[in-house]
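Novice: I would like to see how this sequence folds:
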Amino acid sequence: MSHEQEIQQLAQLLKNAKYIAVLTGAGMSTESGIPDYRSTDGLYRTLTSEEVFDIDRFHHAPQQFYQVIGPLYTSIVQAQPNAGHLALHELEERCGKTVHIATQNIDGLHQKAGSKHVYEVHGTMHTLTCLKCRHQTTDDVHLADFQAGKTVFCEKCGGLMKPDITFYGESLPEEAFTRSMKAFRSCDLAMVLGTSLVVYPAASLPSWRKDGVPLVILNRSHTAADNEAALVVHAGIGEILPEAVKLL
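Specialist: Next up, the predicted model:
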């Protein structure tokens, strides 16, 4: 099937839908200049993502996390929504669809694009919490430390500050994940954008859709759910989604 045919088919699925549930991953933000940390030429060249984001490792050697996360944080601060993010907002704003987005990303780009219903199932980089006194602060307070790759400490008690993202070994934010499950359970179209569906439990979200609800997967590589999807497109999100939305 050609990309033109895929775009036409996607547009028809979007046209027929009223309530769209979306799961987005790192591939959603690469076109905004944020590295896909799982790619072989991506951000992590000496440590795997599992090591960088391991909660036990963070407690014992937080400096390793902050040294590696610095470049990613700078990318997040400077990044702007790309055509894919804007297309999801357009589905709400111009096309009148109800769109609920569960995102594995920690960059806030869906919110920057104007999407109303965004559930950050892996947390956010934009706030930090002290592991000692539980004082919470915003990322801009520690901007210089982040950019320098320095470990961030609490300005109140001197304790170690941890960004409010979900590390390996931690539970997902309960409210965000519950709302995400409800969205997929209620939708009449499910979409997976820019994730290979390998990180659980977030990867399980599309399976919550009701029987008969079509699944669309738009990801550059194959996923474990390709064989159950109504449409699979192995291409960039910015190449396909905006063109389909234009046809509505």
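
Novice: where in this protein is pLDDT low?
Specialist: Where the chain drops to pLDDT under 70, the residues are 36-50.

Novice: geometric centre of it: which residue is closest?
Specialist: Residue closest to the mean C-alpha point of the chain, counted by CA atoms, centre = their mean, is residue 105 at 2.5 Å.

Novice: how long is stretch 228-243 from one end to the other?
Specialist: By CA to CA, to the nearest Å, the extent of stretch 228-243 from end to end equals 24 Å.

Novice: quick check: domain ranges of this protein?
Specialist: Split into domains by automatic domain parsing, the chain comes to 1-34+81-122+172-248, 37-78+123-165.

Novice: mean neighbour count, the ones you listed: which tops it?
Specialist: domain 1-34+81-122+172-248 (a mean of 19; mean count of other CB atoms under 10 Å). (Glycine included, C-beta is placed from N, CA and C.)

Novice: residues in contact with residue 226?
Specialist: Contact analysis of residue 226 by CB atoms under 8 Å, 6 or more residues apart in numbering lists 217, 232.

Novice: and the gap between it and residue 6?
Specialist: Counting by CB to CB, to the nearest Å, the separation of residue 226 from residue 6 is 14 Å.

Novice: what is the biggest strand by length in the chain packed up against?
Specialist: Longest strand of the chain, by residue count under DSSP state E: strand 123-130. Judged by 3 or more CB pairs under 8 Å, 6 or more residues apart in numbering; DSSP states H and E, strand 123-130 is in contact with strand 136-138, strand 161-165.

Novice: direction included, what does the shortest one pair against?
Specialist: Read that as strand 136-138. Its sheet considered, strand 136-138 pairs with strand 123-130 (antiparallel) by DSSP bridges.

Novice: over to the last one?
Specialist: Applying DSSP bridges to the sheet, strand 161-165 is found paired with strand 123-130 (antiparallel).

Novice: show residues contacting the partner strand.
Specialist: 73, 76, 106-108, 135-139, 142, 152, 154, 156-157, 159-166, 173.

Novice: how about the CA coordinates for that strand, as PDB?
Specialist: C-alpha atoms of strand 123-130 as PDB (Å, rounded to 0.1, in the frame of the first residue of the first chain):
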ATOM      1  CA  GLY A 123       5.500  11.600  34.700                       C
ATOM      2  CA  THR A 124       7.100  15.000  33.900                       C
ATOM      3  CA  MET A 125      10.500  16.700  33.900                       C
ATOM      4  CA  HIS A 126       8.900  20.000  34.700                       C
ATOM      5  CA  THR A 127       8.600  19.400  38.500                       C
ATOM      6  CA  LEU A 128      11.000  17.900  41.000                       C
ATOM      7  CA  THR A 129      10.400  16.500  44.600                       C
ATOM      8  CA  CYS A 130      12.800  16.300  47.400                       C
END
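
Novice: quick one on the thing from earlier: so how far is the longest strand of the chain off the chain centroid?
Specialist: Mean-position distance between strand 123-130 and its chain equals 15 Å (CA atoms, centre = their mean, to the nearest Å).
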